[in-house]
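Visitor: no sequence for this one, just the structure:
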Ligand SMILES: Cc1cc2nc3c(=O)[nH]c(=O)nc-3n(C[C@H](O)[C@H](O)[C@H](O)COP(=O)(O)OP(=O)(O)OC[C@H]3O[C@@H](n4cnc5c(N)ncnc54)[C@H](O)[C@@H]3O)c2cc1C
Ligand code: SF4
């Protein structure tokens, strides 16, 4: 260990831009074993590991780096999977620069961070290849059951943990496949779908029941599900796209980001998608304009590049330094030829029936607002036009009206519409109903959804166990 002085930082090889633009495969190669060992040996084994503190799962990073450096991969895998239900997913898509790696001590001393995410991915991908990842074998089946609404990372992590305790678990989801945004939001070039599918298959092989194409609120109410299970988890994510109210918003060929990304992901999975197959949601040959500066916007521009768009522009109202998206993803998009039009905001969409351009206002940065970021202000007479025949709006997501959808007006929500929970017990305003993931936090990260799912499982087990004890006492009396 401590080889950071002599061994330089190396990330896995990134595929050449020309090659990666031609397909939807992931852009980083896997480490070879010797490289993973070498890179892990750069860790300084800090007494107080800041990487671990800043990982939402508090992964025991120094230990699995040391074991990897020593070639003890199976033990590294055991430690890594003990705190994380999807280490190979997090290794691929966590914004490490803001979490574990952003707090690596050797980075602070100018040597370049240990490449924690890549090693984490390497360990678990190797575990899958070697057959070390096994379905859960329940030693003692419990009679109680839980229902999980939503098969995204929060719901899946909770389902897995509850199954480990021995509960019967049923996961309900309105999509036709489990995985939530891991399947239909995040594109293949960041997270190949087989990675998610082998995880959900493992959960099915562990005895977890999945009911797909099942929308709570339409197919059954929350009350119905409550009467069938001993506890319920709501992990439905946030899906209401934020709108942009400017003239021309009703023109054809202006779409929310999730419509565009879901269509592309479905095509990758081999589905028929009418709006893509008839060319409307396909960027090929088009002048594409994406509005927004977050990670979803980056996924849209890079998807449009791979669909062979004629040009791809990204409009963002602040400058590059103030973009909310991960710097790594912005860099990838720039390499792939995306044209960023910084300090611009759309003023109107132009066209008769279909959009053919966007009128934009040029902005400058003023004083910081309540978020601490400098407020964008329009420059007088700074308007100009950009050609566009496909516009994608990526301005963020809000929660749907869950109490109304679920026909549960007694389910309390915050002023933002996220579900209110007791932060200690993770229970909502309804007894026996818990909530986790984006529907509680607002749009966030996969690693936080996993964390919440695990915490919810612990609390649901406590809740059911205490009820069991109470019933026993009453029976004995
Ligand atoms: C395009 C995009 C890219 C992203 N990229 C990254 C990234 O690179 N790294 C990262 O860490 N995070 C990323 N995120 C964020 C991340 O995907 C989410 O934070 C995470 O998936 C939230 O998990 P969740 O389980 O709370 O919700 P979701 O993943 O949204 O899952 C919720 C599930 O609930 C189901 N559902 C909803 N309503 C109902 C209902 N009424 N009945 C039944 N089922 C229902 C949905 O069908 C869905 O399957 C990205 C998000 C988007 C949109
Ligand atoms: S889960 Fe994410 S933050 Fe935690 S160690 Fe892995 S990559 Fe880093």
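Guide: Received it, and whenever you're ready, just let me know what you need. Nothing here was measured: the structure is a model prediction, and the numbers come from that model. Ligands and ions are numbered 1, 2, ... in the order given.
Visitor: only C-alpha atoms for contact and neighbour calcs from this point on.
Guide: Fine.
Visitor: need the residues of the chain near ligand 1, please.
Guide: 93-94, 149-155, 172-175, 179-182, 185-186, 214-217, 235-238, 295-296, 299, 437-439, 443-447, 449 (C-alpha under 6 Å from any ligand atom).
Visitor: and ligand 2, which of those residues reach it?
Guide: Among these, ligand 2 is touched by 94, 447 when using C-alpha under 6 Å from any ligand atom.
Visitor: least trustworthy helix or strand in this structure by mean pLDDT?
Guide: Counting by mean pLDDT, DSSP states H and E, the weakest-scoring helix or strand in the chain turns out to be helix 105-108, with a mean of 81.
Visitor: Mind listing what's buried along it?
Guide: Neighbour counts over helix 105-108 (16 or more other C-alpha atoms under 10 Å) mark 105-106 as buried.
Visitor: Pull the distance from it to the chain's centre.
Guide: 27 Å (C-alpha atoms, centre = their mean, to the nearest Å).
Visitor: buried sites along the next helix or strand after that helix?
Guide: For helix 105-108, the following helix or strand on the C-terminal side (DSSP states H and E) is helix 116-130. Neighbour-count burial for helix 116-130, counted by 16+ other C-alpha under 10 Å, picks out 116-127.
Visitor: Over to stretch 263-278?
Guide: Buried residues in stretch 263-278 (16+ other C-alpha under 10 Å): 263-265, 276.
Visitor: Which ones among those residues lie within strands?
Guide: Assigned to strands by DSSP state E, none of the buried residues of stretch 263-278 qualify.
Visitor: you'd agree residue 444 is up against residue 436?
Guide: No: with contacts counted by C-alpha atoms under 8 Å, residue 444 stays clear of residue 436, the gap being 11.5 Å.
Visitor: In which helix or strand does residue 455 reside?
Guide: Here residue 455 is assigned to helix 446-476, by DSSP H and E.
Visitor: so what secondary structure elements neighbour that helix?
Guide: helix 153-165, strand 231-234, strand 433-435 (3 or more C-alpha pairs under 8 Å, 6 or more residues apart in numbering; DSSP states H and E).
Visitor: do that again at 10 Å, thanks
Guide: helix 73-83, helix 87-93, strand 145-149, helix 153-165, strand 231-234, strand 433-435, helix 438-441 (3 or more C-alpha pairs under 10 Å, 6 or more residues apart in numbering; DSSP states H and E).
Visitor: Which stretch among these approaches residue 348 most closely?
Guide: Of all the helices and strands packed on helix 446-476, helix 438-441 sits nearest to residue 348, with 31.3 Å by C-alpha to C-alpha.
Visitor: Which residue of residue 444 and residue 436 possesses the greater neighbour count?
Guide: Neighbours were counted for residue 444 and for residue 436 using other C-alpha atoms under 10 Å; residue 436 has more, 32 against 14.
Visitor: circling back: can I get the buried residues of stretch 263-278 in CSV including distance to ligand 2?
Guide: Listed next are the buried residues of stretch 263-278 as CSV, based on distance: C-alpha to the nearest ligand atom, whole Å:
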residue, distance to ligand 2
263, 28
264, 26
265, 23
276, 33
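Visitor: Would you point out the most distant pair within those?
Guide: 265 and 276, at 10.9 Å, using C-alpha to C-alpha across these.
Visitor: Overlap of the contact sets of residue 444 and residue 436?
Guide: Residues touching both residue 444 and residue 436 comprise residue 237, with contact defined as C-alpha atoms under 10 Å, 6 or more residues apart in numbering.
Visitor: For stretch 425-444, buried residues please.
Guide: Buried residues in stretch 425-444, counted by 16+ other C-alpha under 10 Å: 425-429, 432-443.
Visitor: Oh, that last question was meant for stretch 160-180, not what I typed.
Guide: 160-175, 177-180.
Visitor: Same question for stretch 330-341.
Guide: 330, 332-333, 336-341.
Visitor: quick one, strands of the stretch 301-450 of the chain?
Guide: 311-316, 339-342, 344-351, 355-368, 374-378, 384-387, 390-393, 397-398, 433-435 (DSSP state E, counting those that start in this stretch).
Visitor: Could you tell me the least trusted of these?
Guide: Mean pLDDT is lowest for strand 374-378 among the strands of the stretch 301-450 of the chain, at a mean of 88.
Visitor: Pull the residues that contact it.
Guide: Residues from elsewhere that reach strand 374-378 (C-alpha under 10 Å, 6+ apart): 317-319, 322, 343-345, 360-369.
Visitor: In the host helix or strand of residue 198, which residues are buried?
Guide: Assignment of secondary structure by DSSP H and E places residue 198 within helix 193-205. For helix 193-205, the neighbour count (16+ other C-alpha under 10 Å) marks 193, 195-197, 199-200, 202-203 as buried.
Visitor: in the stretch 351-477 of the chain, which ranges drop under the pLDDT threshold?
Guide: Across the stretch 351-477 of the chain, nothing is flagged by pLDDT under 70.
Visitor: and if we set it to 80?
Guide: Low-confidence segments of the stretch 351-477 of the chain (pLDDT under 80): 370-373, 475, 477.
Visitor: Determine the set of other helices and strands touching the helix holding residue 198.
Guide: Using 3+ C-alpha pairs under 10 Å, 6+ apart, helix 193-205 is in contact with helix 87-93, helix 116-130, helix 153-165, helix 181-184, strand 209-211.
Visitor: how big is the angle separating the longest one from helix 73-83?
Guide: Interaxial angle of helix 116-130 relative to helix 73-83 (axes from the mean of the first three to the mean of the last three C-alpha atoms, to 10 degrees): 110 degrees.
Visitor: Now helix 116-130: average pLDDT?
Guide: On average, the pLDDT along helix 116-130 is 96.
Visitor: Work out the gap between it and the centre of the chain.
Guide: 19 Å.
Visitor: what packs against it?
Guide: Applying 3+ C-alpha pairs under 10 Å, 6+ apart, one finds that helix 116-130 makes contact with helix 33-40, helix 61-69, helix 73-83, helix 87-93, helix 193-205.
Visitor: again, 8 Å this time
Guide: By 3+ C-alpha pairs under 8 Å, 6+ apart, helix 116-130 packs against helix 33-40, helix 61-69, helix 73-83, helix 87-93.
Visitor: where does the stretch 201-350 of the chain dip in pLDDT?
Guide: In the stretch 201-350 of the chain, residues with pLDDT under 80: 325.
Visitor: how about the residues of this structure that lie near ligand 2?
Guide: Proximity of the chain to ligand 2, by C-alpha under 6 Å from any ligand atom, involves residues 55, 57, 59, 90-91, 94, 96, 99-100, 117, 447.
Visitor: give me that answer again for 8 Å
Guide: Within the chain, the residues that sit near ligand 2 (C-alpha under 8 Å from any ligand atom) are 51-52, 54-61, 84, 87, 90-96, 99-101, 116-118, 120, 447.
Visitor: returning to that earlier point: closest one to residue 1 among the helices and strands packed on helix 193-205?
Guide: So among the helices and strands packed on helix 193-205, helix 116-130 is nearest, using C-alpha to C-alpha, at 14.2 Å.
Visitor: Residues contacting that closest one, please?
Guide: Applying C-alpha atoms under 8 Å, 6 or more residues apart in numbering, the contact partners of helix 116-130 are 11-12, 30-31, 36, 39-40, 61, 65, 68, 73-74, 76-77, 80, 87-92, 94, 96, 100-101, 133.
Visitor: Next, the angle from that helix to helix 61-69.
Guide: 50 degrees.
Visitor: hmm, back to that, distance from the helix holding residue 455 to the middle of the chain?
Guide: 25 Å.
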